[in-house]
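K.L.:
With the sequence up front, the predicted model follows.
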Amino acid sequence: MKITLRYGKQGLGVELPDSNVTHVLRQHKLPVYDEPRAAVAEALTEPIGAPPLAELARGRTDACIIVSDLTRPVPNADILPPLLNALGQAGVADESILILVATGLHRGNTDDELREMLGADVVGSGVRIENHDARDADSHVWLGETERGTPAAIDRRYVEADLKILTGLVEPHLMAGYSGGRKAICPGVAARETIMAFHGPGMIEPSAARNGNLIANPVHQEALAVCAMAGGADFLVNVTLDEERAITGIFAGDMQQAHVAAMVRCEEQTKVVIDEPADIVVTSGGGYPLDLTLYQGTKGVVGASGICREGGTIIIAQENAEGLGGPEYTRLVTEVADPHAHIRGTLAGAEYCVDTWQFHVVEKVMRDCEVLNVSSGLTADEKQRCFIPAADSVEEAVRSALARYGPEASIAVLPDGPYVLSCLASDPVGQMTVDEMLQDY
């Protein structure tokens, strides 16, 4: 069986034994918009639970629009022009509009990346475009502590804006259940100390902090708490995308109501339920831009873990054209001798560093499953030192696993990696809908 995995910009063709492949799990096909810009413009005039954007913006002195950074394939070139046009119709001048890139603790995006992310029309429109910098303490407003004790500090440019707008993509999220909505603020434009606490060991360790789950999920709940302290948002535009990155849903309006509608659509599109776990799961890092680094690409590991049997093998293919990730993550994955002991230490109160959460979520999977990484972007030295063992090819890794598990071993394939919410019929996420999970939202 020949299957193309989402890998870099080109994809990776692999050949797997037909008799062993029991499932190839893909997103469900939903209609897409033939004219997405026009559809976004219409959504701004008929929003969910809020006045039309042009009406809402009338009389505002300035606006801050949060956008995702390069690691998210958000179709900003379709979203932002209608949004900016609506603000212009309301009398908000271009020079009074700030597009703030929600980098979290990632590096700032370059000018070339901003053109790729936002489109040349937006970059040349006269609006200001700036990166968030979580490490610049003075650029944040201190808001106090949440009930859980998270220190809440949010980018001053957002908190003090007269009109606050969030944009983004809703997809399954490895810790928060689903992305989008509240995550644009926390961790998107939060200060370093807020993000560190928000992604701390005590938040990541609970089993409820996982893909597709919104019940008692501490990451989801804490993001909502910090958002509320920051004043929420006046307006939200979230979208859902299919495998080809075409828009399947546009959800504009009230921050919570529009986000819930987007999560419902995301679940309808991405959730695939199977009866039994597989011995071997072949997955991807989601392709460009998500698999630029091992740091981001490991979301595919977590996405595959829900359908891999205990003691089974997850094989992830991710290009990693920019290597392992930032300096903190690189040190973690190459220098920690015993990942499990390291995480046990952080849970017991030992100091942890930036990016420990991405290390932690993979370590959780590796407690129960073997994980193998196939990457053309990592150097031989990086592969040798990385805590995730490397394989030369997907086919080689599959042959090795079959030799151990026997010729009848089952293989499940996730070509689009973390963009599919794969789960078991016995799993609460497989049994409950987003609406059922959010009865008290």
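P.N.:
Perfect, I can see it now.

K.L.:
As CSV, could you dump the C-alpha coordinates of the longest helix along the chain?
P.N.:
As assigned by DSSP state H, the longest helix anywhere in the chain is helix 255-270. Output of helix 255-270 as CSV, limited to C-alpha atoms (Å, rounded to 0.1, in the frame of the first residue of the first chain):
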residue,chain,number,x,y,z
MET,A,255,-15.3,35.1,21.5
GLN,A,256,-16.8,32.1,23.3
GLN,A,257,-19.9,31.5,21.1
ALA,A,258,-17.9,31.6,17.9
HIS,A,259,-15.1,29.5,19.3
VAL,A,260,-17.5,26.8,20.5
ALA,A,261,-19.1,26.7,17.0
ALA,A,262,-15.6,26.3,15.5
MET,A,263,-14.8,23.5,17.9
VAL,A,264,-18.0,21.7,17.0
ARG,A,265,-17.1,22.0,13.3
CYS,A,266,-13.5,20.8,14.0
GLU,A,267,-14.8,17.8,15.8
GLU,A,268,-17.2,17.0,13.0
GLN,A,269,-14.3,17.2,10.5
THR,A,270,-11.4,15.7,12.4
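
K.L.:
going on from that helix, what's the next piece of helix or strand?
P.N.:
Using DSSP states H and E, the helix or strand that follows helix 255-270 in sequence is strand 271-274.

K.L.:
could you give the mean pLDDT of that next one?
P.N.:
Mean pLDDT, strand 271-274: 98.

K.L.:
Can you name every helix or strand that whichever helix or strand comes after that strand contacts?
P.N.:
Per DSSP H and E, the first helix or strand lying C-terminal to strand 271-274 is strand 278-284. The helices and strands touching strand 278-284, judged by 3 or more C-beta pairs under 8 Å, 6 or more residues apart in numbering; DSSP states H and E, are strand 2-5, helix 299-305, strand 308-317, helix 394-405, strand 411-414. Where you see a C-beta, it was placed from the backbone N, CA and C, and this is true even at glycine.

K.L.:
Can you tell me the strand partners of strand 278-284 and which way each runs?
P.N.:
strand 308-317 (parallel), strand 411-414 (parallel) (DSSP bridges).

K.L.:
who touches that strand?
P.N.:
3, 5-7, 12, 14, 16, 20, 22-23, 291, 300-301, 303-304, 307-309, 312-318, 394, 398, 401-402, 405, 409-418 (C-beta atoms under 8 Å, 6 or more residues apart in numbering).

K.L.:
Derive a PyMOL selection command for the buried subset of those.
P.N.:
Here is the PyMOL command that selects the buried residues among the contacts of strand 278-284 (16 or more other C-beta atoms under 10 Å):
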select buried, resi 3+5+6+7+12+14+16+20+23+291+300+301+303+304+307+308+309+312+313+314+315+316+317+318+394+398+401+402+405+409+410+411+412+413+414+415+416+417+418
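
K.L.:
and stretch 284-299, what's its mean pLDDT?
P.N.:
Averaging pLDDT along stretch 284-299 gives 92.

K.L.:
ignore the last one, stretch 93-103
P.N.:
97.

K.L.:
That one: how far from the chain's middle?
P.N.:
Relative to its chain's centre, stretch 93-103 lies at 22 Å (C-alpha atoms, centre = their mean, to the nearest Å).

K.L.:
swap in stretch 214-223?
P.N.:
The answer for stretch 214-223 is 15 Å, by C-alpha atoms, centre = their mean.

K.L.:
Next, the distance between the ends of that stretch.
P.N.:
This stretch, stretch 214-223, spans 12 Å end to end (C-alpha to C-alpha, to the nearest Å).

K.L.:
Mind listing what's buried along that stretch?
P.N.:
Applying 16+ other C-beta under 10 Å to stretch 214-223 flags 214, 217-223 as buried.

K.L.:
and those residues, which two are the farthest apart?
P.N.:
Pairwise distances across the buried residues of stretch 214-223 peak at 12.8 Å for Leu214 and Glu222 (criterion: C-beta to C-beta).

K.L.:
Please name every helix or strand in contact with the helix or strand hosting Ala341.
P.N.:
Using DSSP H and E, Ala341 sits in helix 339-347. Applying 3+ C-beta pairs under 8 Å, 6+ apart, one finds that helix 339-347 contacts helix 201-204, helix 356-366.

K.L.:
quick check: mean pLDDT across the longest one?
P.N.:
Confidence over helix 356-366, taken as the mean pLDDT, stands at 95.

K.L.:
Which other helices and strands does it contact?
P.N.:
helix 201-204, helix 299-305, helix 327-335, helix 339-347.

K.L.:
Pick the most deeply packed of the ones you listed.
P.N.:
Of all those, helix 299-305 carries the top mean neighbour count, a mean of 29, counting by mean count of other C-beta atoms under 10 Å.

K.L.:
Keeping just the C-alphas, turn that helix into PDB.
P.N.:
In PDB, the C-alpha atoms belonging to helix 299-305 read as follows (Å, rounded to 0.1, in the frame of the first residue of the first chain):
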ATOM      1  CA  LYS A 299       2.400  17.100  18.300                       C
ATOM      2  CA  GLY A 300       2.000  14.200  15.900                       C
ATOM      3  CA  VAL A 301       3.400  11.800  18.600                       C
ATOM      4  CA  VAL A 302       0.700  12.900  21.000                       C
ATOM      5  CA  GLY A 303      -2.000  12.700  18.400                       C
ATOM      6  CA  ALA A 304      -1.100   9.100  17.600                       C
ATOM      7  CA  SER A 305      -0.900   8.000  21.200                       C
END
